[in-house]
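In: starting from these lines, generate the structure:
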Amino acid sequence: MRRAVHAEWTKLRTSPGTLWLLLGAVAVTVGVGAAAAAAVTCATAACGADLTRLSLTGTQLGQAVIAILAVLSIGTEYSTGMHRTTLTAVPGRTTLLAAKATVLTGVVLPAAAVAVAGSLLCGRLLLPHHAFLWRPAVGSVLYLELIALLSLGLAAAVRNSAAAIGLALGLFYVWPMVARMVPDAIWERHLQQAGPTTAGTAVQATINLTTLPIAPWTGLGVLTLWATGATLLGWLVLVARDA
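Out: The predicted structure is shown next:
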């Protein structure tokens, strides 16, 4: 396992797009969050706006960059045929997927922490009554990490970078739009509770928690189930199919 992790780390580290995607994820997350905070006309907690969640708005766009990085970490090998060499060097496919997930976690987690910290700092500077709470901060870091693992699982399952990115972005952005268009309020609520992003981002809320479709940590648990399911699906396909 140690050698597999070292090999995957070497591949990801030497890939020319990895650093730029990580920097892009941080920049987009912080930039969009700062822009959202700067656009607020009411800078006090009394106005009823969730200032903490507002400053974390950038995670909605930063997750797309994280998803692309996760997909390319395995999808590029299939597009170039490099996966045959990888499977020859690491014939244990469970070990291979675990190594990729470990390395991906190792690079996404610190980037997510920097992005979330930067967003909250900008929110605090732009909105004087902005409060720092641990749940939205830690939950947002975990949210971005789970998005990465979900995307990695999808890429392992479909074996095509473009298809995996399309599926991931569809889940992240199309699902919430479809949920809002459902005319029945009960079904709309159920779709919001089941969606990976609508449920997962509930962890960022700090006010009016009783009006949310799902509780904050429960919502993050739903995203965890999505990430686990996608990873298991990717593992099953990786084990069952030929190179």
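
In: near residue 160, how many other residues are there?
Out: By the criterion of other C-beta atoms under 10 Å, residue 160 has 16 neighbours. Bear in mind the C-beta positions are built from the backbone N, C-alpha and C, glycine included.

In: is it in contact with residue 74, as I believe?
Out: No. At 10.6 Å, residue 160 does not count as touching residue 74 under the criterion of C-beta atoms under 8 Å.

In: please name the nearest non-neighbouring residue to the residue positioned nearest the centre of the chain.
Out: Nearest residue to the geometric centre of the chain (C-alpha atoms, centre = their mean): residue 147, 2.5 Å. In this structure, residue 147 finds its nearest non-sequential neighbour in residue 63, 4.7 Å apart by C-beta to C-beta, 6 or more residues apart in numbering.

In: pLDDT-wise, which helix or strand of the protein ranks last?
Out: helix 82-89 (a mean of 65; mean pLDDT, DSSP states H and E).

In: what about the nearest residue to residue 112 once chain neighbours are set aside, which helix or strand?
Out: Nearest-residue entry for residue 112: residue 144, 3.9 Å, with adjacent residues in sequence omitted and distances by C-beta to C-beta, 6+ apart. If you go by DSSP states H and E, residue 144 is part of helix 134-158.

In: which elements pack onto that helix?
Out: helix 59-80, helix 93-126, helix 161-169, helix 196-200, helix 216-240 (3 or more C-beta pairs under 8 Å, 6 or more residues apart in numbering; DSSP states H and E).

In: tilt between the last one and helix 161-169?
Out: It stands for helix 216-240. Taking axes from the mean of the first three to the mean of the last three C-alpha atoms, to 10 degrees, helix 216-240 and helix 161-169 form an angle of 160 degrees between their directions.

In: picking up where we left off before, who's in contact with the residue nearest to the centre of the chain?
Out: Shown in contact with residue 147 (C-beta atoms under 8 Å, 6 or more residues apart in numbering): 63, 66-67, 70, 172, 196, 200, 223, 227.

In: take those and lay them out in JSON lines including distance to residue 22.
Out: JSON lines is the format used below for the contacts of residue 147 (distance: C-beta to C-beta, whole Å):
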{"residue": "63", "distance to residue 22": "13"}
{"residue": "66", "distance to residue 22": "9"}
{"residue": "67", "distance to residue 22": "13"}
{"residue": "70", "distance to residue 22": "11"}
{"residue": "172", "distance to residue 22": "18"}
{"residue": "196", "distance to residue 22": "22"}
{"residue": "200", "distance to residue 22": "20"}
{"residue": "223", "distance to residue 22": "21"}
{"residue": "227", "distance to residue 22": "19"}
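
In: would CSV of those residues with distance to residue 166, neighbour count and pLDDT be doable?
Out: Below are the contacts of residue 147 laid out as CSV (distance: C-beta to C-beta, whole Å; neighbours: other C-beta atoms under 10 Å; pLDDT from 0 to 100):
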residue, distance to residue 166, neighbour count, pLDDT
63, 15, 29, 96
66, 16, 30, 96
67, 11, 27, 96
70, 14, 29, 94
172, 11, 22, 94
196, 15, 26, 94
200, 20, 30, 94
223, 19, 26, 96
227, 18, 23, 96
